[in-house]
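Trainee: need coordinates for the below:
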Amino acid sequence: MRSRYKALVIDDSRLTRRLCQGVLENQGLLVHTVETGQATFQALSNASYDVILLDIDLPDTDGLTVLAEVTAQYPQISPIMMTGYASLEAAIRAQELGAEGFILKPFNHAKLVQIVSRVLDRRQLREDYIQLQTSIQTEKLAALGRLTASLAHEINNPLQALRSGLRLLGRPHLDNAKRQHYVATLAQEVERLITITGQTLDFARPSQAGLQPTDLNQLLQSTLDLVNKQLQQKHIDINVTLAVELPIIRAVPGHIKQVLINLILNAIDAMAQGGLLSLTTTYLPDKQQGVITVQDTGEGMTADVMSKIFEPFFSTKDIGTGLGLSISYAIIEAHGGHIEVESTPDVGTLFSIYLPQSRTTGEPDEPA
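Mentor: Reported below is the predicted structural model:
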């Protein structure tokens, strides 16, 4: 267990309180004990706790009543119920009210440590997941900032066409055929604007979907739509090779798109004088993995730099958070995949993303 955790033990038995306090303090937790429901809320108002061990039978109130109030007022706390009698109904009710663990008295040291450790491990996983999602969204917005100039140019072109078209429609004595032509052209430009802004908003908003069946070819193509203008502005040619029969992959599409955009933007930065960006999708049937590669002909990396690129806050640039590749690595790992990199100075860099094949084509699964 991590020593930073604080536990509150609520039980009218002095022996149980001392046992829990001694065992948990030996595990590195900070422990406070109280006897009653009233004292519980006094303690919670004076300090913050990560986990509570709550007896189901208290001298001044029912433990389940305390549990309901604690989970309502302090949802960040992980509750564990303790009881001296086995009641399936009570256990079910406790779980419904938010209990994350259940300890039957009498219990030994090992059982107490096992249950508290399990609850705190799940808590840590939730905290890590929330932190990852926050970092993902921060880096996503940073990537969007890098795309701002090219996106503004993409939006400006159809706006200019709309302005010109409206002027033409305002001409007197315009024949009907030309009017219909101009209206059709303006409608196309409006659809183009809707597509651009829609893709940008889809990328910018936090991903709510869990793992779901994903076509990597379509995902790669939609990613290119966001960066095409920037590639053109930097005089970078694009070579795309897509697998003809690529099985469906389980993924959070927005997260994989973020990884691809980060790798492509890094490739653009590495090819300041222009170059070739090669993107491929392939399938490894023996490993049941889909693979996306992003290869540039840029400045490349030394072995020393390459060994550090996935470390948080490591960067060879003067701008940026230094989190892009570390977050990309975490995203792919959360999908059950991995990223490999090969690079040669003055030749270029190749990133390969390996993702497991979908086991089902049903509804969205748990979040990555």
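Trainee: any idea how far residue 340 is from residue 195?
Mentor: The gap separating residue 195 from residue 340 is 33 Å, by Cβ to Cβ, to the nearest Å. Any C-beta I mention is one placed from the backbone N, CA and C, and that applies to glycine too.
Trainee: quick one, longest helix in this protein?
Mentor: helix 109-146 (DSSP state H).
Trainee: tell me the mean pLDDT for that one?
Mentor: Across helix 109-146, the average pLDDT comes to 78.
Trainee: quick one: list the elements packing against it.
Mentor: On a contact count with 3 or more Cβ pairs under 8 Å, 6 or more residues apart in numbering; DSSP states H and E, helix 109-146 meets helix 14-26, strand 51-55, strand 78-83, strand 101-104, helix 176-204, helix 253-270, helix 324-334.
Trainee: residue 347: which of the ones you listed is closest?
Mentor: Nearest of these to residue 347, taken as Cβ to Cβ: helix 253-270 at 10.9 Å.
Trainee: angle of the closest one against helix 324-334?
Mentor: Here the directions of helix 253-270 and helix 324-334 differ by 150 degrees (axes from the mean of the first three to the mean of the last three Cα atoms, to 10 degrees).
Trainee: can you give me the helices in the stretch 201-350 of the chain?
Mentor: Using DSSP state H, counting those that start in this stretch, the helices of the stretch 201-350 of the chain run over residues 216-233, 253-270, 303-306, 324-334.
Trainee: possible to save those helices as JSON lines with distance to residue 62?
Mentor: Putting the helices of the stretch 201-350 of the chain into JSON lines (distance: least, Cβ to Cβ, whole Å) gives the following:
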{"stretch": "helix 216-233", "distance to residue 62": "53"}
{"stretch": "helix 253-270", "distance to residue 62": "44"}
{"stretch": "helix 303-306", "distance to residue 62": "61"}
{"stretch": "helix 324-334", "distance to residue 62": "41"}
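Trainee: can you add distance to residue 160, mean neighbour count and mean pLDDT and give those helices back as CSV?
Mentor: Shown next, in CSV, are these (distance: least, Cβ to Cβ, whole Å; neighbours: other Cβ atoms under 10 Å; pLDDT from 0 to 100):
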stretch, distance to residue 160, mean neighbour count, mean pLDDT
helix 216-233, 15, 18, 88
helix 253-270, 25, 23, 89
helix 303-306, 42, 11, 89
helix 324-334, 33, 21, 84
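Trainee: now the angle from the longest helix of the chain to strand 51-55?
Mentor: 140 degrees.
Trainee: show me the shaky parts of the chain.
Mentor: Applying pLDDT under 70 to the chain flags the ranges 1-3, 86-88, 140-151, 153-154, 199-209, 312-314, 317-323, 358-368.
Trainee: point to the residue nearest the middle of it.
Mentor: The chain has residue 133 as the residue nearest its centroid, 3.7 Å off, counting by Cα atoms, centre = their mean.
Trainee: what about that one, distance to residue 333?
Mentor: 14 Å.
Trainee: cool, residue 288 as well?
Mentor: Residue 288 is 17 Å from residue 333, by Cβ to Cβ.
Trainee: what's the answer for residue 69, then?
Mentor: From residue 69 over to residue 333 (counting by Cβ to Cβ), the distance is 39 Å.
Trainee: let me see the domain layout of the chain.
Mentor: What automatic domain parsing lists as the domains of the chain is 6-131, 147-206, 209-368.
Trainee: nearest to residue 138, of these?
Mentor: The closest of the domains of the chain to residue 138 is domain 209-368. By Cβ to Cβ, the value is 7.2 Å.
Trainee: what about that closest one, distance to the chain center?
Mentor: Averaging C-alpha positions (Cα atoms, centre = their mean, to the nearest Å) puts domain 209-368 16 Å from its chain's average.
Trainee: and the residue nearest to residue 263 when sequence neighbours are not counted, what does it touch?
Mentor: Once flanking residues are discounted, residue 263 sits nearest to residue 294: 4.3 Å by Cβ to Cβ, 6 or more residues apart in numbering. Contact analysis of residue 294 by Cβ atoms under 8 Å, 6 or more residues apart in numbering lists 260, 263, 264, 267, 277, 278, 279, 350, 351, 353.
Trainee: same thing but at 6 Å, please
Mentor: 263, 279, 351 (Cβ atoms under 6 Å, 6 or more residues apart in numbering).
Trainee: bridging residues for it?
Mentor: Counting by DSSP bridges, residue 294 is bridged to residue 279, residue 351.
Trainee: now do the same contact list for the nearest residue to residue 257 once chain neighbours are set aside.
Mentor: Among residues not flanking residue 257 along the chain, residue 223 sits closest, at 5.1 Å (Cβ to Cβ, 6+ apart). Listed by Cβ under 6 Å, 6+ apart, the contact partners of residue 223 are 257, 260, 261.
Trainee: dump those to CSV, plus distance to residue 124.
Mentor: Converted to CSV, the contacts of residue 223 look like this (distance: Cβ to Cβ, whole Å):
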residue, distance to residue 124
257, 28
260, 30
261, 30
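Trainee: go through these and say which is closest to residue 211.
Mentor: Nearest to residue 211 out of the contacts of residue 223 is residue 257 (Cβ to Cβ; 14.4 Å).
Trainee: could you measure from that closest one over to residue 220?
Mentor: 9 Å.
Trainee: residue 191 now?
Mentor: Noted for residue 191: a distance of 23 Å to residue 220, by Cβ to Cβ.
Trainee: what of residue 94?
Mentor: Counting by Cβ to Cβ - residue 94 and residue 220 are separated by 48 Å.
Trainee: repeat that for residue 356.
Mentor: Distance from residue 356 to residue 220, by Cβ to Cβ: 17 Å.
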